[in-house]
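**Student:** everything below, folded, please.
(one chain, ligands or ions: 3)
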Amino acid sequence: MRLFNSTTIRLFHRTFTQNIVPPNAITKLHKMSTVGKPINCKAAVSYKPNAPLVLDTITVDPPKSHEVRIKIINTAICHTDAYTLSGKDAEGLFPCVLGHEGAGIVESVGEGVTSVKVGDHVIPLYTAECGVCKFCKSGKTNLCGSVRATQGKGVMPDGTSRFHDSKGQSLYHFMGCSTFSEYTVVADVSVVAIDQTAPLESVCLLGCGVTTGYGAAIKTANVQKGDTVAVFGAGTVGLSVVQGAHSRGASRIIIVDINDNKETVSREFGATDFINPTKLSEGQTIVDKLVEMTDGGLDFTFDCTGNVDVMRSALEACHKGWGQSVIIGVADAGKEISTRPFQLVTGRVWKGSAFGGIKGRSEMGGLIKDYQEKKLKVDEFITARRPFSEINEGFEDLHNGTCLRTVLKF
Ligand SMILES: NC(=O)c1ccc[n+]([C@@H]2O[C@H](COP(=O)([O-])OP(=O)(O)OC[C@H]3O[C@@H](n4cnc5c(N)ncnc54)[C@H](O)[C@@H]3O)[C@@H](O)[C@H]2O)c1
Ligand SMILES: [Zn+2]
Ligand SMILES: [Zn+2]
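**Tutor:** Ligands and ions are numbered 1, 2, ... in the order given. Take a look at the predicted model:
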């Protein structure tokens, strides 16, 4: 009786389940209690750049037409969340609910949603896939035009937000995902259902970092057996490029990172060499060093740092005639890349990759399968696990030098 007086619905449910009602009935009761209604839940709100996230109870409105409301179970913190929080992202909007590397369970769907259903395990996608726009139909890119304009403005496709803080203030969405909330609403083109047996605390990483790097190697660059590869930056993205190149049988995979602590982990993911560019012999540049190591330059290089000087070095370390350099890192607002045009005239190619060129709704299943068949490492990126309440400590983890991903649990 004492517990029945509790104000928390969760406790009520647990007690109810244990003592009176069979599990099926309680599931139905739970659904009945939230479908079509606003939900009050935990979230971490970013009110302004460069300030800790505020743990608050926010209100999440029900999904409108072609929208899906998800109960987020796990979310990781990606460098891009930290970048927007830092204020260096010109498109960053505040107050907002950040987070874009998450996994959860569909709580309810709006009118017209046919691709996912209540109870499905899902991953929100910051790169949507509608299947019918000019981009989706081109067969040339994973960029989709369907929700791009409103996603960039921090709102749902109808131009409004589903989030309000405890004072009633509207909050912006982030990257079409906003996984730093126990419940979130996304467009139906921005979510993919996955195999129910895949552990959400692991596969949440496929929502961004792992997919981005792995896809950049196997899709954007399409690395082939025997190719030589250099990867600048051994974070989750760079190490995922390494595992993609390794899986393709690259003959040499050189990691370039300013942090010596990354050497061991780089080799574990398949790197054959590790170079710290701050420790070269006097007068030698990183480009000189790489060209010397590879008899004229690399078949493929990848920037996974977001530093525009690194991007230039990555291009110039490519082999004359065919070397390709892929930019993955996100540069600070206003930064530009430069090189001598001669570098391109003589056959080097500069390209970029978003979400690894992966089409989230049609290709995520394959990545999950690769993970389940142990062809794709995912768990190895988890360097810390924390309750969601420790999200600010999770952001601090990013600076500790050995952090790859901190996974938070609601
Ligand atoms: N294009 C996309 O779709 C996409 C998706 C996810 C992340 N990103 C971006 O990719 C980048 C990497 O993300 P992450 O999560 O792996 O970040 P991270 O911070 O975990 O890793 C970056 C690594 O780069 C190293 N580094 C920094 N400066 C360097 C330099 N000058 N030379 C060599 N190494 C250097 C760091 O020591 C670190 O190991 C970020 O810019 C992120 O915003 C892009
Ligand atoms: Zn599309
Ligand atoms: Zn990310």
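
**Student:** please count neighbours and contacts with C-alpha atoms only from this point.
**Tutor:** Will do.

**Student:** show me what from the stretch 51-200 of the chain comes close to ligand 1.
**Tutor:** Within the stretch 51-200 of the chain, the positions lying close to ligand 1 (C-alpha under 6 Å from any ligand atom) are 78, 79, 80.

**Student:** what about those residues, which are in helices?
**Tutor:** Cross-referencing these against helices under DSSP state H gives 79, 80.

**Student:** who wins for neighbours among the residues of the stretch 51-200 of the chain next to ligand 1?
**Tutor:** Neighbour counts for those, by other C-alpha atoms under 10 Å, peak at residue 78, which reaches 23 neighbours.

**Student:** surely residue 213 meets residue 239?
**Tutor:** Yes. Between residue 213 and residue 239 there is a contact under C-alpha atoms under 8 Å: 7.2 Å.

**Student:** what touches both of these two?
**Tutor:** By C-alpha atoms under 8 Å, 6 or more residues apart in numbering, residue 213 and residue 239 have no common neighbours.

**Student:** where does residue 376 land on pLDDT?
**Tutor:** Here the pLDDT value assigned to residue 376 is 96.

**Student:** surely it is within a strand?
**Tutor:** No. Going by DSSP: H, G, I helix; E, B strand; the rest coil, the assignment for residue 376 is coil, not a strand.

**Student:** the domain parsing of the protein - what is it?
**Tutor:** Domain segmentation of the chain under automatic domain parsing yields 1-32, 35-208, 212-354.

**Student:** can you list the residues of the stretch 251-400 of the chain near ligand 1?
**Tutor:** Residues of the stretch 251-400 of the chain lying near ligand 1 (C-alpha under 6 Å from any ligand atom): 256-259, 304-306, 310, 328-330, 353-355.

**Student:** worst mean pLDDT among the domains of the chain?
**Tutor:** domain 1-32 (a mean of 46).

**Student:** up against ligand 3, what does this protein have?
**Tutor:** Residues of the chain lying close to ligand 3 by C-alpha under 5 Å from the ion are 78, 208.

**Student:** any idea how far whichever residue of the stretch 151-300 of the chain sits closest to ligand 2 lies from ligand 3?
**Tutor:** Across the stretch 151-300 of the chain, no residue is closer to ligand 2 than residue 189, which sits at 8.1 Å (C-alpha to the ion). Here residue 189 is placed at a distance of 18 Å from ligand 3 (C-alpha to the ion, to the nearest Å).

**Student:** please list all residues in contact with that residue.
**Tutor:** So residue 189 contacts 128, 129, 130, 361 (C-alpha under 8 Å, 6+ apart).

**Student:** just these that are near ligand 2?
**Tutor:** Contacts with ligand 2 within the contacts of residue 189, as defined by C-alpha under 5 Å from the ion: 129, 130.

**Student:** quick one: contacts for the residue sitting nearest the centre point of the chain?
**Tutor:** For the chain, residue 208 is the residue whose C-alpha lies nearest the centre (C-alpha atoms, centre = their mean; 2.0 Å). Contact partners of residue 208, counting by C-alpha under 8 Å, 6+ apart, are 78, 100, 101, 355.

**Student:** what number of residues lie near residue 368?
**Tutor:** Using other C-alpha under 10 Å, residue 368 has 20 neighbouring residues.

**Student:** likewise for residue 160?
**Tutor:** Using other C-alpha under 10 Å, the number of residues around residue 160 comes to 15.

**Student:** secondary structure element holding it?
**Tutor:** Secondary structure assignment for residue 160, by DSSP states H and E: no helix or strand.

**Student:** circling back: kindly reformat the residues of the stretch 251-400 of the chain next to ligand 1 as CSV containing neighbour count, secondary structure and distance to residue 33.
**Tutor:** Formatted as CSV, these follow (neighbours: other C-alpha atoms under 10 Å; DSSP: H, G, I helix; E, B strand; the rest coil; distance: C-alpha to C-alpha, whole Å):
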residue, neighbour count, secondary structure, distance to residue 33
256, 28, strand, 53
257, 23, coil, 51
258, 15, coil, 52
259, 15, coil, 51
304, 26, coil, 45
305, 23, coil, 46
306, 17, coil, 45
310, 22, helix, 53
328, 23, coil, 43
329, 24, coil, 43
330, 18, coil, 42
353, 23, coil, 42
354, 22, coil, 39
355, 25, helix, 36
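
**Student:** residue 170: which of these is nearest?
**Tutor:** Lowest distance from residue 170 to these (C-alpha to C-alpha) belongs to residue 330, with 27.7 Å.

**Student:** ramachandran angles for the closest one?
**Tutor:** In this entry, residue 330 is assigned phi and psi values of phi -100, psi 120 (degrees, to the nearest 10).

**Student:** which residues does residue 407 contact?
**Tutor:** Residue 407 makes contacts with 74, 75, 76, 77, 201, 382, 384, 385, 386, as judged by C-alpha under 8 Å, 6+ apart.

**Student:** quick check: residues of this protein near ligand 2?
**Tutor:** So the chain meets ligand 2 at 129, 130, 131, 133, 136, 144 (C-alpha under 5 Å from the ion).

**Student:** ok, the first one touching residue 355?
**Tutor:** So that's residue 129. No. Using C-alpha under 8 Å, residue 129 is not in contact with residue 355, being 11.9 Å away.

**Student:** quick one: the residue of the stretch 151-300 of the chain closest to ligand 2 from residue 306, how far?
**Tutor:** Using C-alpha to C-alpha, to the nearest Å, residue 189 is found at 28 Å from residue 306.

**Student:** now residue 401
**Tutor:** Separation of residue 401 from residue 306 (C-alpha to C-alpha): 17 Å.

**Student:** then residue 45?
**Tutor:** For residue 45, the distance to residue 306 equals 25 Å [C-alpha to C-alpha].

**Student:** nearest to residue 365 among the residues of the stretch 51-200 of the chain next to ligand 1?
**Tutor:** residue 78 (21.6 Å).

**Student:** so how far is residue 228 from the closest one?
**Tutor:** Separation of residue 78 from residue 228 (C-alpha to C-alpha): 28 Å.

**Student:** then residue 378?
**Tutor:** Counting by C-alpha to C-alpha, the separation of residue 378 from residue 228 is 24 Å.

**Student:** now residue 192: which helix or strand?
**Tutor:** strand 191-193.

**Student:** same check, this time on residue 254
**Tutor:** Element membership for residue 254 (DSSP H and E) is strand 252-256.
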